[in-house]
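Trainee: I would like the atomic coordinates for the input below:
(one chain, ligands or ions: 1)
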Amino acid sequence: MIMKAIIPAGGLGTRFLPATKSLPKEMLPIFDKPAIQYIVEEGIKSGIKNFVVVTGRNKSVIEDHFDIHPELEAFLRTKNKSELMDGISKLVTNSNFIYVRQREPLGLGHAVWSAKHVIGNEHVAVFLPDDIIMGKTPTMAQLIQIALQEKCNVVAVQEVPMDEVSRYGIIGVRKQFSPNLFQVKELVEKPLMSEAPSNLAIVGRYVLSPKIFAVLDQQHLGAGGEIQLTDAIQELLLSGEKVFAYKIQGERYDIGTPLGLLKANLDYALRHPRHAGVVLEYLKGLDKEFVVMQGKAEALNKPAKTLVL
Ligand code: UTP
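Mentor: Residues are numbered from 1 along each chain as shown. Presented below is the predicted three-dimensional model:
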């Protein structure tokens with residue numbers, strides 16, 4: 001069993017400024033819940049009970065979210081609206097949250113290393129809270145199953161266009177076992193397109209052996225001047241540990257950018273049993289508007305006498 005997860009949330013979220021100047025990107029909402037709550041829910045569905053959240057400055061609202069709120073709960077009771085808090089209250093009661101402060105955002109590897117003293121000698125799940133994956137089966141449950149079966153480390157991957165590989169950690173494949181399962185030969189952080197071993201990019205789910213902490217003890221700055229988790233996993237591989245990669249099923253959203261969050265919100269709303277119809281109608285209206293606008297734009301480019309608005 002894998003009972004603990006690390007959720008690194010100590011980054012600065014610069015790609016989403018100014019929204020993230022004082023609001024952690026992990027708290028940006030997808031429809032009616034903050035992004036990080038979807039991550040915790042995926043963890044719970046995958047059998048995890050203990051969440052170690054790595055935080056930094058301006059992140060204390062994450063702690064408030066995963067805590068009881070007696071005044072609000074009492075107020076809702078008087079209004080017969082307790083069901084509004086049902087989901088989050090149950091989650092808070094049934095899970096444990098531990099907070100570790102990353103003093104400086106020195107990179108994802110450093111954030112994971114900051115949780116070392118609360119993990120101990122056991123395999124650990126790592127979730128990046130800005131990678132939201134929507135699908136039927138929780139991705140982490142799949143990773144855990146592979147890790148237990150193969151006694152190995154596992155990273156989640158996704159195919160990306162070759163001209164985007166330099167934005168990701170990329171794996172090289174030693175062996176392919178099925179359409180979605182690979183044994184990893186090497187991992188390279190942000191390679192040049194010409195040097196990438198594949199187009200399989202690591203996305204924000206990992207199951208790692210506790211040896212990762214000993215490797216991170218020795219880790220130096222890598223790509224972008226940050227301590228990279230990918231480099232540490234490559235070291236694990238070189239030390240003789242097995243690393244597998246699982247190609248995720250379902251849709252992944254990088255909610256660390258405005259466009260990624262917008263897409264996540266639209267897709268979530270369109271899958272929502274109660275609200276999908278209204279959202280679809282709204283989008284159809286927008287589509288008509290868009291066509292009209294496009295018509296105008298085309299008309300404006302024509303000579304004046306044929307201009308029809
Ligand atoms: P990102 O690189 O996506 O987050 O890291 P960032 O650095 O906050 O974002 P930008 O690039 O400036 O926009 C993935 C996850 O790792 C955490 C982030 O909070 C995010 O959830 N992280 C990153 C840390 O906890 N500490 C770090 O030093 C870096």
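
Trainee: Let me see the ranges of the helices in the stretch 51-200 of the chain.
Mentor: With DSSP state H, counting those that start in this stretch as the definition, the stretch 51-200 of the chain shows helices at residue ranges 60-65, 70-78, 86-94, 108-113, 116-119, 139-150.

Trainee: Mind putting the ones you listed into JSON lines with mean neighbour count, distance to K288 and mean pLDDT?
Mentor: In short, each C-beta sits where N, CA and C put it, glycine included. What follows is the helices of the stretch 51-200 of the chain, written out as JSON lines (neighbours: other C-beta atoms under 10 Å; distance: least, C-beta to C-beta, whole Å; pLDDT from 0 to 100):
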{"stretch": "helix 60-65", "mean neighbour count": "15", "distance to K288": "39", "mean pLDDT": "95"}
{"stretch": "helix 70-78", "mean neighbour count": "11", "distance to K288": "40", "mean pLDDT": "92"}
{"stretch": "helix 86-94", "mean neighbour count": "14", "distance to K288": "36", "mean pLDDT": "89"}
{"stretch": "helix 108-113", "mean neighbour count": "25", "distance to K288": "44", "mean pLDDT": "96"}
{"stretch": "helix 116-119", "mean neighbour count": "16", "distance to K288": "54", "mean pLDDT": "95"}
{"stretch": "helix 139-150", "mean neighbour count": "19", "distance to K288": "37", "mean pLDDT": "96"}
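
Trainee: Quick check: which of those helices is nearest to the ligand?
Mentor: The ligand lies closest to helix 108-113 among the helices of the stretch 51-200 of the chain, at 3.4 Å (C-beta to the nearest ligand atom).

Trainee: How about residues contacting that closest one?
Mentor: For helix 108-113, the surrounding residues in contact (C-beta atoms under 8 Å, 6 or more residues apart in numbering) are 6, 8, 10-11, 54, 102, 104-105, 126, 128, 208, 212-213, 216-217, 219, 222, 226-232.

Trainee: Give me the number of neighbouring residues for the closest residue to A35 other than its chain neighbours.
Mentor: Once flanking residues are discounted, A35 sits nearest to I255: 5.1 Å by C-beta to C-beta, 6 or more residues apart in numbering. Other residues within reach of I255 by the criterion other C-beta atoms under 10 Å amount to 26.

Trainee: V278 now?
Mentor: A count of neighbours around V278, defined by other C-beta under 10 Å, yields 11.

Trainee: In which helix or strand does it reside?
Mentor: Under DSSP states H and E, the secondary-structure element containing V278 is helix 276-300.

Trainee: Show me what the residue lying closest to L200 once chain neighbours are set aside is bridged to.
Mentor: Of all residues not flanking L200 in the chain, V157 sits nearest, at 4.4 Å (C-beta to C-beta, 6+ apart). When bridges are taken as DSSP bridges, the partners of V157 come out as I202, K247.

Trainee: For V157, list the residues it contacts.
Mentor: 171, 182, 200-203, 245-248.

Trainee: Between which two of those is the distance greatest?
Mentor: For these, with distances taken as C-beta to C-beta, the pair at the greatest spread is F182 and V203 (13.9 Å).

Trainee: and the residue nearest to A9 when sequence neighbours are not counted, how far is that from the ligand?
Mentor: Excluding the flanking residues, the one nearest A9 by C-beta to C-beta, 6+ apart is E26, at 4.6 Å. Using C-beta to the nearest ligand atom, to the nearest Å, we find E26 at a distance of 6 Å from the ligand.

Trainee: which residues touch E26?
Mentor: 7, 9, 34-36, 59, 62, 129-130.

Trainee: Let's see that with 6 Å instead.
Mentor: Shown in contact with E26 (C-beta atoms under 6 Å, 6 or more residues apart in numbering): 9, 35-36, 129.

Trainee: Confirm it sits in a helix?
Mentor: Yes - the assignment for E26 (DSSP: H, G, I helix; E, B strand; the rest coil) places it in a helix.

Trainee: I'd like to know how far it sits from Q37.
Mentor: Using C-beta to C-beta, to the nearest Å, E26 is found at 9 Å from Q37.

Trainee: And K81, by the same measure?
Mentor: When C-beta to C-beta is applied, the distance between K81 and Q37 equals 19 Å.

Trainee: These two: which is more packed in?
Mentor: Between K81 and Q37, counted using other C-beta under 10 Å, the more crowded position is Q37 (21 against 10).
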